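K.L.:
Okay, structure incoming, though there's no sequence with it:
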């Protein structure tokens, strides 16, 4: 599964429906340079914690600056991987 595809799908869930979201296309882009604001970013991190079964204590003080930082954190702390993007989105409905 492509991490950027999953990130963009999760970001669409986190972002209010009335706001636009340009796709994130690079792992090194700073979230501040995207359409994801700080609240959206917090929700994205929380959703990834649910998807990958990462303990809340690890997530509460984590504020990634880039998709790569988020990916590295997930890889280091995850307890599960979703089978697909669709399965991941089902977990956060």
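P.N.:
Structure's in. What do you need? Keep in mind that this is a model prediction, so the values were computed, not measured.
K.L.:
Tell me the buried residues in stretch 37-47?
P.N.:
40, 41, 42, 43, 44, 45, 46, 47 (16 or more other C-beta atoms under 10 Å). C-betas here are computed from N, CA, C, even on glycine.
K.L.:
The third one and residue 64, how far apart?
P.N.:
Residue 42 sits 11 Å away from residue 64, taking C-beta to C-beta, to the nearest Å as the criterion.
K.L.:
Now the common contact residues for these two.
P.N.:
Contact criterion C-beta atoms under 8 Å, 6 or more residues apart in numbering; residues shared by residue 42 and residue 64: none found.
K.L.:
Can you pull out the residues in contact with the helix or strand residue 72 falls within?
P.N.:
In the assignment (DSSP states H and E), residue 72 maps to helix 67-77. For helix 67-77, the external contacting residues (C-beta under 8 Å, 6+ apart) are 3-4, 7, 24, 26-29, 31, 44-45, 48, 52, 54-55, 58, 62, 64.
K.L.:
Stretch 82-93 too?
P.N.:
Stretch 82-93 is contacted by residues 1, 5, 6, 9, 10, 13, 47, 50, 51, 52 when judged by C-beta under 8 Å, 6+ apart.
K.L.:
Separate out the buried members of those residues.
P.N.:
Buried among the contacts of stretch 82-93 by 16+ other C-beta under 10 Å: 6, 10, 47, 51, 52.
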